[in-house]
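*Asks:* okay, structure incoming, though there's no sequence with it:
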DNA sequence: TCAAGCAACTGGCTTAAACCAGTTGTAGGC
DNA sequence: GCCTACAACTGGTTTAAGCCAGTTGCTTGA
């Protein structure tokens, strides 16, 4: 492995640049182990902290991940999962008997698991209340929190908000909502999903989210705020999907307005 | 300002937690200056590096930004710009005479500016070639690189790929493409955009992108790979939009497949 | 009055050393 | 043959100190 000293700048930058070059050139392949912090420091004639700072820079760029006691490794670029408007498709379910999540997992050869972490009557946060047309000042909503796993690796955290008036006294208060899931029960209450809106942002994870998703540092999240509208154009469900951005991608198809 | 010591854990975590609490409680408002590193260290009885590590954690979460020589400030949460399928709308242009970008800028009271950084005949990268149905082994594409500014602040970097056979000998080789822009010229070549596909991922910026977008550390980018299909369902244009994720959001509306 | 220059702040980066905490392979003992 | 225990690695965190480089405001002198 050739770690020639690059030009100018800060020592930590020089080390980071040299290692980045090895990665992009393919000399260090995904999954490979980097030299240890102490070894890098020795080779570049710096303090260990400086080599450590270089590795921090690379971690921040998402190029490498550190494992305590084992080493620092070139990150595998696997962005396996693709979500989009078909996430809400009823046709998928009718044709395959699988929810979109399970279908995507089957496609990837992964074992799906969904964990219901809480079901509560709550006062909805402002942004949700606005979209759901529910009061942000009373406990006007039901909140269901779920974590979705692929092979026991957490993939996404989903928080679903429904109007309390739609949920009260139904199976929506139970972890198992029955055939057709949440949307099945909501159809029985007269809400058939006709259109949807997804509002997408990317951001760094909060502390809690990073823990829930077992996120390595330097990985952002895709935050999708979904609103379902029924046959009358009325919103009846709002969900927030928080995905690990290194595992998830989104795809939308649309006609162009002429 | 009350900086009581929180429970357990690492000193750096304790400091970060205390400061985070001040921010989320609103005691430290967006734009406010944090105590200096040296001051935080003194109050918590730690070394300066430990206070510095705490601030690094908060920076990584996107809560604060440091300014050399001035201080560390609570980050303003301004996510002003919303893009989505209407980005490609011809109707907008016909009704207002403004491109979607200029319209959004006008909406936000910002001064738009577009800089063409390069126009070249190139061999397209694999993912683009695949979508554009162009050869990844010959210079089969035209690449146009643009940077979009709002009030002289870079917002997004856009790289557009067209088939060389569509672009050769047209105004598409010039910085100024004429009325209706790129899509106007492509219509003259027989491609009217009928549908579009957006593939969205979030990731940390590369070194170059961070510079081009003047990105503070800890801000991810939204990377949208757009494909335009014409009236015959043929792809004729692929663009990659790289947005600062702290300034941009995406919105998609869609009918639900029943 | 004004402006140059300086002092006192701010964060940025590095060194050097120490100890903690996971991981892994191996030498010994059973 | 297997398992335990340990040694030798790995990264994780902290301390303490120094110097550099932007920023700000005040002092001083023309």
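*Replies:* That came through, no problem. It should be emphasised that the depicted structure is a prediction, and the values quoted were computed from it without experimental measurement. Numbers count the residues shown, from 1 in each chain, chains lettered A, B, ... in the order given.
*Asks:* now do the contacts for the residue in the stretch 151-258 of chain A positioned nearest to DNA strand C.
*Replies:* Residue nearest to DNA strand C within the stretch 151-258 of chain A (CB to the nearest atom of the strand): residue A:214, separated by 13.2 Å. Any C-beta I mention is one placed from the backbone N, CA and C, and that applies to glycine too. Counting by CB atoms under 8 Å, 6 or more residues apart in numbering or on different chains, residue A:214 touches A:153-154.
*Asks:* try residue A:227
*Replies:* By CB under 8 Å, 6+ apart, the contact list for residue A:227 reads A:131-132, A:196-197, A:199, A:235, A:237-238.
*Asks:* residues in chain A within reach of DNA strand D, list them.
*Replies:* Contact residues, chain A versus DNA strand D (CB under 7 Å from any atom of the strand): A:34, A:36-39, A:48-49, A:52, A:55, A:66-72.
*Asks:* ok, and for stretch A:140-159, which residues are buried?
*Replies:* A:140-150, A:154-159 (16 or more other CB atoms under 10 Å in any protein chain shown).
*Asks:* that one and chain B in contact?
*Replies:* No. Using CB under 8 Å from any CB of the partner chain, we find that stretch A:140-159 stays clear of chain B, coming within 13.0 Å at best.
*Asks:* now residue A:152. Nearest residue, chain neighbours left out?
*Replies:* Nearest non-adjacent residue to residue A:152, counting by CB to CB, 6 or more residues apart in numbering or on different chains: residue A:113, 6.8 Å away.
*Asks:* quick one: list the elements packing against the helix or strand hosting that neighbour.
*Replies:* For residue A:113, the enclosing helix or strand under DSSP states H and E is strand A:112-122. Other elements packing on strand A:112-122 under the criterion 3 or more CB pairs under 8 Å, 6 or more residues apart in numbering or on different chains; DSSP states H and E are helix A:100-108, strand A:141-150.
*Asks:* what's the burial count for residue A:64?
*Replies:* The number of residues packed near residue A:64 is 26, by other CB atoms under 10 Å in any protein chain shown.
*Asks:* ok, it - contacts?
*Replies:* A:19, A:23, A:34, A:55, A:58, A:72-75 are the contacts of residue A:64 under CB under 8 Å, 6+ apart.
*Asks:* any idea which of those is closest to residue B:125?
*Replies:* residue A:23 (17.9 Å; CB to CB).
*Asks:* so who does that closest one touch?
*Replies:* By CB under 8 Å, 6+ apart, the neighbours of residue A:23 are A:58, A:63-64, A:74.
*Asks:* among these, which pair sits farthest apart?
*Replies:* Greatest spacing in the contacts of residue A:23, by CB to CB: A:58 and A:74 (9.2 Å).
*Asks:* who has more neighbours, the two?
*Replies:* Higher neighbour count among residue A:58 and residue A:74: residue A:58, with 23 against 19, using other CB under 10 Å.
*Asks:* dump the residue contacts of the more buried one.
*Replies:* Counting by CB under 8 Å, 6+ apart, residue A:58 has contacts A:16, A:19-20, A:23, A:64.
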